[in-house]
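Participant: Everything below, folded, please.
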Amino acid sequence: MTGGNLALTPASFPGQIRHMLTRFTLRQLEYCLAAGEFGSIAKAAEHIHISPSSISAAITQIEKELSTALFIRHHAQGLSATPVGLEVLKQIRYTLDQAQSLYDIASNAQMAVRGVLRVGCFTPLAAMIAPELCQGFAKAHPEAEVSQCEDHHEGLIERLRNAQIDVAITYDLNVAETDIAFEGLAALPPFVIVSASDPLAHQRMVSLQELSQRPMVLLDLPLSREYFLGLFRDAGITPLVGARSTSPDVLRSLVGNGVGYSLANVRPRTAHSLDGKKLVNVNLEGRHRPMRLGLAWVRHNKMRNVVEAFMNRCRACISDAYIPGMTAPGMAGRISTPEQ
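Facilitator: The predicted structure follows:
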């Protein structure tokens, strides 16, 4: 938040919130919310660069004012919100968003791009795509306060609904919910990853039938798992899953060490796993539903200037011909890369 220690009492706030803001500072509310989101005073303090004692004091002040415990302290294991605490944290998040809107009103009048921007990114994409998009945006708009987080797809959707993030960079997995809008920017078809020493590395194309006789290293993330297994199910084939990992980097290292092949939609610009093993991408035979990479947001939320500006940057930077940090699907067959 940009409100600092300002104690606001705007008439536009609901009565209960208006009363609360006469006793609390926005900064104290931020500290309390951070502790709840991280489940730890120490982790929250590290993330927002403030002393643990300041966060603890803010929580104590708010609990004293409300005459109720917001958190249960667990010795050496952080803290967890009480049932009342969960409801209070929701109201705190809403209050901070309402306070931010005061700055947004002024920004909108000037068409300025400034204020808090919270971006979520699907974990397998984050290391490649998020730095260029988020940090590039921050450099272009110095008055924007950009933060990013990584999560699996369902986690991102939950964060959107809880107003923890403004927009998510993710896939079109299970986004049929009426409250979530999704805009696809690039189609990423599935392909096969094998070790450079695997006989399949010399083939131009491989079928699911061929792969079914070999051990598979499965990306074991919610919805991603169902997508890859669904490719075999749609073909009437059962894959032989030999290993699983929730980490794309671990998955690539397992493949590089000959544990098996894997399926993916993202083509990193490096031809090696993190432990230095050479990898090769092989095209998958047949027509298969691609994952669509794009933006997700809460449909009926009023779009702030800073969020709209970031989404426009994503629209300009992501397409079938170019994706930050990776080889775009439209270019994979046209340019020479170490992986082809």
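Participant: can you pull out the helices in the stretch 151-300 of the chain?
Facilitator: Along the stretch 151-300 of the chain, counting by DSSP state H, counting those that start in this stretch, helices occupy 153-161, 208-211, 224-234, 248-256.
Participant: Save the ones you listed as JSON lines, and put in distance to A309 and mean pLDDT too.
Facilitator: Every C-beta, even on glycine, is put in place using the N, C-alpha and C of the backbone. Listed next are those as JSON lines, based on distance: least, Cβ to Cβ, whole Å; pLDDT from 0 to 100:
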{"stretch": "helix 153-161", "distance to A309": "18", "mean pLDDT": "91"}
{"stretch": "helix 208-211", "distance to A309": "42", "mean pLDDT": "95"}
{"stretch": "helix 224-234", "distance to A309": "30", "mean pLDDT": "94"}
{"stretch": "helix 248-256", "distance to A309": "29", "mean pLDDT": "96"}
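Participant: ok, and which of those helices has the densest surroundings?
Facilitator: helix 248-256 (a mean of 21; mean count of other Cβ atoms under 10 Å).
Participant: Identify the residues contacting the residue lying closest to I50 once chain neighbours are set aside.
Facilitator: Among residues not flanking I50 along the chain, Y31 sits closest, at 6.9 Å (Cβ to Cβ, 6 or more residues apart in numbering). By Cβ atoms under 8 Å, 6 or more residues apart in numbering, the contact list for Y31 reads 44, 48, 50, 54-55, 58-59.
Participant: Mark which of these are buried, thanks.
Facilitator: 44, 48, 50, 55, 58-59 (16 or more other Cβ atoms under 10 Å).
Participant: ok, the residues you listed vs G325, which is closest?
Facilitator: Nearest to G325 out of the buried ones among the contacts of Y31 is I48 (Cβ to Cβ; 27.1 Å).
Participant: Show me what secondary structure element comes after the lowest-mean-pLDDT helix or strand in the chain.
Facilitator: When the helices and strands of the chain are compared on mean pLDDT, DSSP states H and E, helix 15-21 comes out lowest with a mean of 48. Moving toward the C-terminus from helix 15-21, the next helix or strand (DSSP states H and E) is helix 26-38.
Participant: What angle do helix 153-161 and that following helix make with each other?
Facilitator: Taking axes from the mean of the first three to the mean of the last three Cα atoms, to 10 degrees, one finds that helix 26-38 is oriented at 160 degrees with respect to helix 153-161.
Participant: Report the rounded mean pLDDT for helix 26-38.
Facilitator: Per-residue pLDDT over helix 26-38 has a mean of 88.
Participant: Understood, closing this out.
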